[in-house]
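**Q** predicted coordinates and the sequence they were generated for:
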Amino acid sequence: MGQFLCKQAGGFPKYVVLQPALLNKLEEFLLEVNQRGIVTPSFVVMSGYRTPHYNRAIRNVANSFHIYGGAADIYIDVDGDGVMDDINGDGRSDRADATLLYEWADSFVTRHNRPDLTGGIGKYDSTAAHGPFIHLDVRGTPARWGHWPP
């Protein structure tokens, strides 16, 4: 649960809003990732719940599903170096790994065709502040973004 806390500066107490459907989606997708041969006990949740104030401060969209507890930005980090692992086996940790995780998430959601899994999937490239990651949410309608040119 600690990974879902808002990254907003300040002490405790902190609060979290978290939709059970998001936890279910992440748990089921984690099983899928492990079945595909990436043995990981969990995803790293880079960003889970955001207060409306924090969401505005980082200049995210006004109605982000993060403020409703329905979104998580995740990556796989079994080796603990703080960035996405090399899940495609090419010897690098880069956008190709986020692309593969994105494709697996899209395939997972499409194949299961369940309303509780339906939502947004986005992929994001590395910046100076973080490595590549994907976004998953449970908005109830399909949405896809982050397509990069080859």
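**A** Nice, I can see it. Since the structure is predicted, the reported quantities are computational estimates derived from the model, not experimental observations. Numbering: from 1, shown residues only.

**Q** can you give me the helices in this protein?
**A** 20-35, 52-57, 95-112 (DSSP state H).

**Q** what angle separates the longest one from helix 20-35?
**A** For helix 95-112 and helix 20-35, the angle between their directions (axes from the mean of the first three to the mean of the last three CA atoms, to 10 degrees) works out to 110 degrees.

**Q** who does helix 95-112 touch, helix- and strand-wise?
**A** For helix 95-112, the packing partners by 3 or more CB pairs under 8 Å, 6 or more residues apart in numbering; DSSP states H and E come out as helix 20-35, strand 120-124, strand 133-137. All C-beta spots, glycine's among them, are computed from the backbone N, C-alpha and C.

**Q** now do the buried residues in the first one.
**A** This points to helix 20-35. By neighbour count with 16 or more other CB atoms under 10 Å, helix 20-35 contains the buried residues 21-22, 25-26, 29-30, 33.

**Q** where does the chain dip in pLDDT?
**A** Along the chain, segments meeting pLDDT under 70 span 147-150.

**Q** nearest spatial neighbour of Val16, chain-adjacent residues omitted?
**A** Spatial nearest neighbour of Val16, chain neighbours left out: Tyr49 (4.7 Å); criterion: CB to CB, 6 or more residues apart in numbering.

**Q** contacts only, for that neighbour.
**A** 4-6, 16-18, 66-67, 69 (CB atoms under 8 Å, 6 or more residues apart in numbering).

**Q** I'd like the buried residues of helix 20-35 laid out as a markdown table, including distance to Gly10.
**A** Conversion of the buried residues of helix 20-35 to a markdown table gives the following (distance: CB to CB, whole Å):
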| residue | distance to Gly10 |
| --- | --- |
| Ala21 | 28 |
| Leu22 | 24 |
| Lys25 | 29 |
| Leu26 | 26 |
| Phe29 | 31 |
| Leu30 | 30 |
| Val33 | 33 |
